[in-house]
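> need a structure here:
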Amino acid sequence: MDNHSLKALKNNNPENLFLESKTGRYSYADLHVFSDFFAKKMENFGPQPVGICSASSDAMVFIFASCWIQNMPFVPFNPSLPEQKIQQQINRLQPGVMITDEPGALAHQSCLDIREFDPKKIINSTGNKVSTGHNPLELTAKKSDIFGYFFTSGTSGTPKIVPLKRRQLISAARGSAINLRPSANECWLLCMPLFHVGGITVILRSLLYGSGIYRLSGFDTDVAAQQLSSNKKIVAASLVPTMLKRLLDQENFMTPEQFQAILLGGGPVHPVLIEESFRRDIPIITSYGMTETCAQIAANPLFSPPEDDKILQSAGQIFAPNKVEIRNLSSEKIKGDNSGIIWLKGPQIFDGYLENPDINRDEDGWFNTGDYGNIDAEGRLYIEARRTDLIITGGENVSPREVETELRKINSVDEAAVFGRPDEEWGQRVVAAVVTPKGIKPDASSLKNTLKKTLPAFKIPKQFIFVNQLPRTHNGKLQRSKLAELIR
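This next block holds a predicted model:
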């Protein structure tokens, strides 16, 4: 039978560190107490996934870990989205219960306040032992079981639902461990949002490794720099390039000798950041991945400057036994190091979107990422463009069409086209080219304030360009490739 026992938990010393933050320190024994409590609490809500919509907290880490241990699928929601969009996502997936810090704001038959899951109160009231009626350490689960559902925006602007299976997380954890793996009582710094696969996989990988987590409520440059520089328990961190740049902007930022590496993902990494990291002896690992691959599926451990500067731009090799092919627009494999569309296959690749499982997949199970790139003779993957029009800014995905739709709802906008431009801090910055009606004075501040009502901050353009017309073909189609030429 295709079973997976939680061996890391089973063989782990219960007194080893599971989680630490400024609000508490918890062992694996504490996690088992919480997990047992959580299982009983969820008994009345059926087999539907557990919905979670809240700001980062120790309770959220315990909930995600307990869902994995108890084999309960979950779905994280982005609490910074407008309420209407969160409600639309809830309606699509219909979770059995919603755990949130604002239970009165959501229309769902079963809403629980996340304060009911305060780990300190639960552990103190229950006592430091797992009930004899249910021992999560003995739990086994099929690798084919879904552990979570994740919303992700594609170029169409409509979020897709990605079901991720346990086999994907296990495969990803094995691949990641080749380059980076904390030991017992060592910590992975968690400062990524807990509605992203990049943040949640830090928690789940730690369970499989039997290592610890040090949680920050968000990314604060000063706090992160202080922890990475002086906290000897922290040996790894997941960051997006924007975060790394802000750390490097601090002249005295360094990492201690025992620190293993910073894992960089979530978008293009400017070569200047890599070179500066080398200069300061800060170990970094550049990577490539997406929600559909359960985070990183390729990594380039740049622990020392390569002889060939081109390698600085590589995402590294695909984790075995996963495979990669470069294909042309006719889905035919391209030979040599020529550029084309990146296709992936293997245990780390999802089995299809929930509502449209066959899209972007061929009959042999290969997944069309939509990203463009090439592979060199050593098997290193180079990413040239991510998902055609998609903008990746500060590790967040932005669909140009979604922002354009909101802009066109504004009376002072006739037309709008949104695109990304290289940015040393953000990887890419969101830029909007706007055509205003005759007689209307362009006002970037007013447009930003209006967009704040419907879009999260990272999707709001950082730069507005006001033009008389947008570049179009003879048949009226927008020429996105020429938008950058509007910047003078």
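> quick one: the helices in the stretch 301-450 of the chain?
Taking DSSP state H, counting those that start in this stretch as the test, the helices found in the stretch 301-450 of the chain are 400-408, 444-451.
> Now do Ile146 against Arg429, distance only.
Plainly put, Ile146 is 36 Å away from Arg429 if you go by CB to CB, to the nearest Å. Yep, even glycine has a C-beta here, placed from its N, CA and C like the rest.
> if you average pLDDT over the helix or strand where Ile86 lies, what comes out?
In this assignment (DSSP states H and E), Ile86 forms part of helix 83-93. Throughout helix 83-93, pLDDT has a mean value of 91.
> so how far is that helix off the chain centroid?
On the basis of CA atoms, centre = their mean, to the nearest Å, helix 83-93 sits 20 Å off its chain's mean C-alpha point.
> What residues of it count as buried?
85-87, 89-90, 93 (16 or more other CB atoms under 10 Å).
> counting contacts, what elements does it pack onto?
strand 50-53, strand 159-165 (3 or more CB pairs under 8 Å, 6 or more residues apart in numbering; DSSP states H and E).
> Could you say which of the ones you listed is packed most deeply?
strand 50-53 (a mean of 26; mean count of other CB atoms under 10 Å).
> from the chain's centre, how far out does that one sit?
Counting by CA atoms, centre = their mean, strand 50-53 is centred 16 Å from the centre of its parent chain.
> Could I get the average pLDDT for that strand?
Per-residue scores along strand 50-53 average to 97.
> what's the answer for stretch 183-193, then?
Mean predicted confidence for stretch 183-193 is 95.
> Now do the buried residues in it.
Those would be 184, 186-193, for stretch 183-193 by 16+ other CB under 10 Å.
> now these in JSON lines, with secondary structure?
Output for the buried residues of stretch 183-193, formatted as JSON lines (DSSP: H, G, I helix; E, B strand; the rest coil):
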{"residue": "Ala184", "secondary structure": "coil"}
{"residue": "Glu186", "secondary structure": "coil"}
{"residue": "Cys187", "secondary structure": "strand"}
{"residue": "Trp188", "secondary structure": "strand"}
{"residue": "Leu189", "secondary structure": "strand"}
{"residue": "Leu190", "secondary structure": "strand"}
{"residue": "Cys191", "secondary structure": "coil"}
{"residue": "Met192", "secondary structure": "coil"}
{"residue": "Pro193", "secondary structure": "coil"}
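> What is the nearest of these to Arg167?
For Arg167, the nearest member of the buried residues of stretch 183-193 is Trp188. The distance, counting by CB to CB, is 21.6 Å.
> Mind checking what secondary structure the nearest residue to the closest one once chain neighbours are set aside has?
Excluding the flanking residues, the one nearest Trp188 by CB to CB, 6 or more residues apart in numbering is Ala236, at 4.6 Å. Here Ala236 is recorded as strand under three-state DSSP.
> I'd say Ala236 and Leu180 touch.
Yes. Using CB atoms under 8 Å, Ala236 is in contact with Leu180, at 5.4 Å.
> Look at those two and report which has more neighbours.
Using other CB atoms under 10 Å as the criterion, Ala236 and Leu180 rank with Ala236 on top: 26 against 22.
> Run through the residues that contact the more buried one.
The neighbourhood of Ala236, defined by CB atoms under 8 Å, 6 or more residues apart in numbering, consists of 180, 182, 186-189, 259-263.
> Residues in a beta bridge with it, which ones?
According to DSSP bridges, the partner residues bridging Ala236 are Trp188, Ala261.
> so how far is Phe18 from it?
Using CB to CB, Ala236 is found at 16 Å from Phe18.
> Then Thr158?
Distance of Thr158 to Phe18, given as CB to CB: 37 Å.
> likewise Val324?
For Val324, the distance to Phe18 - CB to CB - is 35 Å.
> and if you look at Thr286?
29 Å.
> So between the two, which is more surrounded?
Set Thr286 next to Phe18 and count neighbours by other CB under 10 Å: Phe18 wins out with 30 against 26.
> List the residues that contact the more buried one.
With CB under 8 Å, 6+ apart, Phe18 has these contacts: 26-28, 30-31, 65, 206, 212-213.
> pLDDT averaged over the helix or strand hosting it - what is it?
Counting by DSSP H and E, the element that carries Phe18 is strand 17-21. The average pLDDT within strand 17-21 is 97.
> What is the very next helix or strand once past it packed up against?
Downstream of strand 17-21, the next assigned helix or strand under DSSP H and E is strand 24-27. In terms of contacts (3+ CB pairs under 8 Å, 6+ apart), strand 24-27 is packed against strand 17-21, helix 58-69, helix 119-126.
> Show me what counts as buried in the very next helix or strand once past strand 24-27.
Heading C-terminal from strand 24-27, the first helix or strand you meet, by DSSP H and E, is helix 28-41. Neighbour counts using 16+ other CB under 10 Å place 28-39, 41 of helix 28-41 among the buried residues.
> Roughly how far does Asn397 sit from Ile342?
16 Å.
> What of Glu276?
28 Å.
> So these two - more neighbours on which side?
For Glu276 versus Ile342, neighbours defined as other CB under 10 Å are more numerous around Ile342 (28 against 15).
> so where is the chain shaky, pLDDT-wise?
Scanning the chain for pLDDT under 70 picks out 1-11, 127-140, 153-157, 385-386, 388, 473-477, 488.
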